[in-house]
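Novice: just coords:
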C-alpha cells in the first residue's frame, strides 16, 4: 500500500505549507521523499506568489529520520551509490537552508536524525513541549554527516560533540536552550503561534528578507575588519536605493501600508 509523501498548499497571502504525511512510518525519509521534497522547495523558491514556507507534519512524529527499508537497501549499495544517495539528502538540506523565502518549522512531535537536520535548516522553529530531539546515528554505526553543517551552526560545537557521540534524546526545552528551537508551546497553541509568526513575517519586504537571510550567512563567524565594514555598508546602500527600500521608507513616512502588504 502506498501513501502520499506530503501535501503542499499556497494561500492567498502567499503562505506555502508543506505537511509531511507519512505518519505511519513517522515521516521517515526515503529516496522518493527526498527527491520530491527537494523539487517542491525549489518550486516554492522560484514561485513569485510564495512569501513564507511552513514545514509541518502529521501524526505522532515530526520526522524519524531515515526509513528503515531505505536504510536496508543502502546497506547493499556500492560506495559510489552510497555517495550519490548521500548527496541527494545533502542537496535537500542545502535547498531548505538556503531558501530565499522565510521558513518556519512547526514541530508537533519527535525529530530524530535527518529530522533534526530539517529543523536546523529552518529560519524559525516552534515546538510543542512533548517534542524530543535525537541525533541517533552512532547507535546504527553511522554519523550525522550531511546534516552536520546545519546542526553544528545551530547548536554549537560543544553541544554537537555531546549529542553526536551520546545519541541521547533531549527535550524541547533543551533544544530551545541550545538554539535549535526558538519557542516551546503547549500542543494546543502550536498552530496559533505559527499563524502569529507568519503574520509577522508577512510584514517585511520580501527583497529585504532575502537580503537579511543572506546577510546572516555572509557575516556569521567573520572578524569585524575594514573589508566586512565596507561590505555591510554596501549592502544597506543597495537596499536604500532599491524600489522596495524606497517604497518602505515612503510608506513609513506617509503612515500607510507598503505595497507588499496585502492585509
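Specialist: Thanks, I have the structure now. Not measured: the values here are computed from a predicted model.
Novice: in what helix or strand does residue 196 lie?
Specialist: helix 190-201 (DSSP states H and E).
Novice: what average pLDDT does that helix get?
Specialist: Per-region confidence: helix 190-201 scores 97 on mean pLDDT.
Novice: what lies in contact with it?
Specialist: With contacts defined as CB atoms under 8 Å, 6 or more residues apart in numbering, helix 190-201 is touched by 15, 51-52, 54, 56, 102, 104, 106, 108, 124, 126, 128, 183, 185, 209. Any C-beta I mention is one placed from the backbone N, CA and C, and that applies to glycine too.
Novice: buried stuff in it?
Specialist: 190, 193-194, 197-198, 201 (16 or more other CB atoms under 10 Å).
Novice: returning to that earlier point: what subset of the contacts of helix 190-201 is buried?
Specialist: Looks like those have 15, 51-52, 54, 56, 102, 104, 106, 108, 124, 126, 128, 185, 209 buried, using 16+ other CB under 10 Å.
Novice: ok, which stretches of the chain are helices?
Specialist: 31-46, 68-74, 79-97, 114-120, 148-155, 157-166, 172-178, 190-201, 206-219, 226-240, 243-253 (DSSP state H).
Novice: and the fifth one, what does it pack onto?
Specialist: This points to helix 148-155. helix 114-120, helix 157-166 (3 or more CB pairs under 8 Å, 6 or more residues apart in numbering; DSSP states H and E).
Novice: any chance of those in CSV, plus mean neighbour count and distance to residue 134?
Specialist: Converted to CSV, those look like this (neighbours: other CB atoms under 10 Å; distance: least, CB to CB, whole Å):
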stretch, mean neighbour count, distance to residue 134
helix 114-120, 27, 7
helix 157-166, 15, 8
